[in-house]
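*Asks:* give me coordinates for this.
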Amino acid sequence: MAEFEQFVLSATLQGHQGDVRTVCEVNKDTIATGSLDQLAKLWASVPNERGPEYACTQTFQGHNRYIYSIAYIPPTAEFADGLIATGSVDTNVHLYLPDVGDGPVRQLIGHAMAVCCVRAGPNETVLSASWDGTAKVWGLDGTCQLTLEGHQKSVLSILAHPTPGQYITCSADRTIRIWNRDACMGAMTGHTDVPRDLAILSNGNLASCANDGTVKLWNLDTTGMCIKTLPAHSGSYIYSIAPFPAGCPADFATSGEDGTVTIWKDDVVAQTIDLPCNSVWKVATRANGDLLVACDDGCGRVFSPDPTRQAADDVVATFIEHVSQIALSKAGGGDGKIGDLDTSNLVGAERLTTPGDSEGQIIMVKDGSKVMAHTWSTAENSWNLIGEVADAKEDKAAGAPPGWQHFDVELDNKKMVCRHKTGDNPFLTSQRFLDENELEQGLLDQVVEFVERNATAPTLEFTQAHNKPTVEGAYVPGRGAAQQAAESAHFPVGSYITMASVKLEGLSKKLAELNASVSPESQLDAESIGKLKDALTAASANTAAPFSDEMYYSVAPVCAKLLSWPAGDARVPGMDAVRVLLSNDDFRAAAFKQAGTPLSLPELQAFMLEAAGLSGDGSNSVESVPCQMLALRTLANAFGGTVGLQDRVAELMPLLERFNATKLSKHSQIALSTVLLNCAVAVVQKGEAAVAELGGELLRVVGRRLDLHQRVPTADPEATYRILVAIGTLISSSDIMVAVAMSLPEVSSTVAEAAASSNLKVKHVARDVRKVMGL
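*Replies:* Numbering: from 1, shown residues only. Now for the predicted structure:
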């Protein structure tokens, strides 16, 4: 074996508009790359006196999502020049002719989620691994020959075993499996975090690399025992591993999120190559012993130990200088950054004097040496502090706390950490992840797919559906509909949904501001404000300790005075306070057992419906957008207990039908859909007689609202989701309700339309509804 020589830059492949995610050799003169820009490219060597150089000769199109993997398929009788295979987040594998650009000659369609690995298989086949938990073996004619099922989470890599007919896979379930065709022969465990890639070394051993920062060597000849564990990349995630051909002075190479490539010889590090990037996604080797790397700075690169294939000295010197600059930036170096956030151009606290543009808008401002995040509340007309912005590296290094799972998600040209609490709704986790990283909303479905596949025991919102009804003699659903609905994580819902979140500090501040602006006779004195704060604190806690009658009687007159403040935004803090108080079971029970007070149920219902835009004369005039939102949220909180809106569903239905869909803000859309959902829960909880009397009409009203809602350009997906859950809850109560739903075009046609939604959450629940309906 030749003596080991240091690898030096040979060439840089520049032309992609996103991360170069994957790279492979086609032949001695040609390289292929795939990128997050959804394109694959072919690069051919061109003569150059100053050293090796490559020019892009083909660009392959056809994928509509990121390309994660690329492989060269050797020549066959049908394809004399071989094929370029690509795997994409769009779930497909494409096969391209190397000498023909543009679209694929074959599409391999069958995976349900992102294809993250493709390789050439034996006997003119293509191997693929996917987030859907399976690996597949394909013929070049596009037929799926084998599907390897058994992993519990995403399959991240597949390769052919040295024994004909056998395969090896690794998965996010932390196992490596050996397969004889599509039968699992056994699983190898040992990695403490997700294994990402596999390689068969020239000595016949298997090598694996993982998120636990280790490379493991396995003996495939006997029991699949782990021979050795090699710590690598300073404990960072190791994304890729590639073997050198037999006879080369090195054994294999690895790449990882630390922005380096490590070259291994005799199980020790022979060389570490620093790259001018944050992550090196892929490493591959060439037949001549050169090295290919795919980097998140949009470049592919070639390295060689042979001086005749290395770049000119000045090119190498420029590259090394670039690496040094990036290394300084990563180390901090006083560059005024928190993670990827450049704080040098952030404004100070004076920005908080300017109103926000929309509900939930988030801004970051400097506060001395700290950076603080604030969110805009339309209801409170103020910025509310979220907390200090800090680098997430320490949190990640420390590992996920008990009850939480951390995933690395590769999106928007960078890798980020997604934190998921066990049992949380994956849609909420994914939305929080997008918000935290300031990513475009269109990426939501892609993140949800990954979280749902890899999270332990994921549960969706409203999974309290299988709680036993608390009303004595409640209806037992018909077996047919109930059995179908039991398979849905979305419905039926068995408890009322409240809208109780509040920032007491912001509410108190706004209350004090407006209190000073109203007439003296309407103002609250210090004692009344103190009583209200105590009541709000007790109500928002909603603990086992009862909200005493004494506290109710002390704060009820305060609420009555607040609701008498001038119509419009001046009423916002009072309405918000009542909303929070009614979310407390004890306060709601005390208020609704009274008669003739502003907090009595009939009076409160009339007040809130008028504030929401429905006056007694039949007009549809909105007092103010925040008031409408808070009024509907208050109505949502008025369900439950011995007395509540659950007893007034028949009266509410025609009123709820009158709302003008085009005049509802997104927050009001969600609040109205929550009221409709609670009406559905109320009817089902009251039993068979209530379902027979009110269920059909409520289905018509809810279906009509869904139809109107979906025609609004600003329709909020969460509101659509809750309306669909209301329909699902109703039709799950009996087979008769299924028949009623089928007879109502307001339901059947609008649900079919929702099932084709581009929003994954809406699509899932709509398809579950259609399944219960037998469609």
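*Asks:* low-confidence ranges, the stretch 51-200 of the chain, go.
*Replies:* Within the stretch 51-200 of the chain, no range satisfies pLDDT under 70.
*Asks:* go again using 90 as the cut-off
*Replies:* 51-52, 64-66, 89-90, 99-103, 112-114, 131-132, 152-154, 172-173, 193-194 (pLDDT under 90).
*Asks:* going by residue numbers, what spans are strands in it?
*Replies:* 54-60, 67-73, 83-88, 93-96, 106-108, 115-121, 125-130, 134-139, 144-149, 155-160, 166-171, 176-180, 183-188, 195-200 (DSSP state E, counting those that start in this stretch).
*Asks:* most tightly surrounded among those strands?
*Replies:* strand 83-88 (a mean of 28; mean count of other C-beta atoms under 10 Å). Using the backbone N, CA and C atoms, a C-beta is placed for each residue, glycine as well.
*Asks:* okay, the angle between it and strand 115-121?
*Replies:* For strand 83-88 against strand 115-121, the angle by axes from the mean of the first three to the mean of the last three C-alpha atoms, to 10 degrees is 160 degrees.
*Asks:* and the angle for strand 83-88 with strand 54-60?
*Replies:* Using the same axes, to 10 degrees: strand 83-88 against strand 54-60 is 70 degrees.
*Asks:* burial of residue 550, as a residue count?
*Replies:* 8 (other C-beta atoms under 10 Å).
*Asks:* so what pLDDT did it get?
*Replies:* Here the pLDDT value assigned to residue 550 is 77.
*Asks:* what helix or strand is it on?
*Replies:* helix 549-563 (DSSP states H and E).
*Asks:* buried sites along that helix?
*Replies:* For helix 549-563, burial by neighbour count (16 or more other C-beta atoms under 10 Å) applies to 551-552, 554-556, 558-559, 561-563.
*Asks:* can I get these in JSON lines including distance to residue 733?
*Replies:* Output for these, formatted as JSON lines (distance: C-beta to C-beta, whole Å):
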{"residue": "551", "distance to residue 733": "38"}
{"residue": "552", "distance to residue 733": "35"}
{"residue": "554", "distance to residue 733": "42"}
{"residue": "555", "distance to residue 733": "38"}
{"residue": "556", "distance to residue 733": "37"}
{"residue": "558", "distance to residue 733": "41"}
{"residue": "559", "distance to residue 733": "36"}
{"residue": "561", "distance to residue 733": "43"}
{"residue": "562", "distance to residue 733": "39"}
{"residue": "563", "distance to residue 733": "36"}
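*Asks:* now render the strands of the stretch 51-200 of the chain as TSV, adding distance to residue 689.
*Replies:* Formatted as TSV, the strands of the stretch 51-200 of the chain follow (distance: least, C-beta to C-beta, whole Å):
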stretch	distance to residue 689
strand 54-60	64
strand 67-73	56
strand 83-88	54
strand 93-96	56
strand 106-108	55
strand 115-121	53
strand 125-130	50
strand 134-139	48
strand 144-149	47
strand 155-160	52
strand 166-171	51
strand 176-180	55
strand 183-188	53
strand 195-200	58
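*Asks:* which one's the longest helix in this structure?
*Replies:* helix 666-686 (DSSP state H).
*Asks:* gap between that one and the chain center?
*Replies:* 26 Å (C-alpha atoms, centre = their mean, to the nearest Å).
*Asks:* in terms of secondary structure, what does that helix contact?
*Replies:* Under the contact criterion of 3 or more C-beta pairs under 8 Å, 6 or more residues apart in numbering; DSSP states H and E, helix 666-686 touches helix 625-636, helix 649-656, helix 688-690, helix 696-710, helix 717-731.
*Asks:* so it versus helix 625-636, what angle?
*Replies:* Using the same axes, to 10 degrees, helix 666-686 lies at 10 degrees relative to helix 625-636.
*Asks:* report the inter-axis angle for helix 666-686 versus helix 717-731.
*Replies:* Using the same axes, to 10 degrees: helix 666-686 against helix 717-731 is 10 degrees.
*Asks:* that older thread, so which of the strands of the stretch 51-200 of the chain is nearest residue 284?
*Replies:* strand 67-73 (9.3 Å; C-beta to C-beta).
*Asks:* still on that earlier bit, TSV for the helices and strands packed on helix 666-686, including mean pLDDT and mean neighbour count?
*Replies:* Output for the helices and strands packed on helix 666-686, formatted as TSV (pLDDT from 0 to 100; neighbours: other C-beta atoms under 10 Å):
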stretch	mean pLDDT	mean neighbour count
helix 625-636	88	26
helix 649-656	88	17
helix 688-690	87	16
helix 696-710	88	21
helix 717-731	92	28
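*Asks:* residue 220: which of these is closest?
*Replies:* helix 717-731 (48.1 Å).
*Asks:* need the contact partners of the following helix or strand past the closest one.
*Replies:* For helix 717-731, the following helix or strand on the C-terminal side (DSSP H and E) is helix 735-743. Contacts with helix 735-743, where a contact means C-beta atoms under 8 Å, 6 or more residues apart in numbering, come from 478, 480-481, 691-692, 695-696, 699, 703, 727, 730-731, 747-748, 772-774.
*Asks:* quick one: helix 735-743 to helix 666-686, angle?
*Replies:* 140 degrees.
*Asks:* pLDDT of helix 735-743, averaged?
*Replies:* pLDDT averaged over helix 735-743 gives 85.
*Asks:* helices or strands up against whatever helix or strand comes next after it?
*Replies:* Remark: after helix 735-743, the chain's next helix or strand is helix 745-754, criterion DSSP H and E. Here helix 745-754 touches helix 696-710, helix 717-731, helix 735-743, helix 760-772, going by 3+ C-beta pairs under 8 Å, 6+ apart.
*Asks:* distance to residue 501 for those - can I get that in JSON lines?
*Replies:* Listed next are these as JSON lines, based on distance: least, C-beta to C-beta, whole Å:
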{"stretch": "helix 696-710", "distance to residue 501": "23"}
{"stretch": "helix 717-731", "distance to residue 501": "14"}
{"stretch": "helix 735-743", "distance to residue 501": "32"}
{"stretch": "helix 760-772", "distance to residue 501": "20"}
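*Asks:* so which of the ones you listed is nearest residue 523?
*Replies:* Closest among the helices and strands packed on helix 745-754, using C-beta to C-beta: helix 717-731, at 37.2 Å.
*Asks:* mind checking how far the closest one is from the chain centre?
*Replies:* 21 Å.
*Asks:* so that helix versus helix 696-710, what angle?
*Replies:* 160 degrees.
*Asks:* excluding covalently adjacent residues, which one is nearest to residue 238?
*Replies:* In space, and not counting its chain neighbours, residue 238 is closest to residue 209: 3.8 Å by C-beta to C-beta, 6 or more residues apart in numbering.
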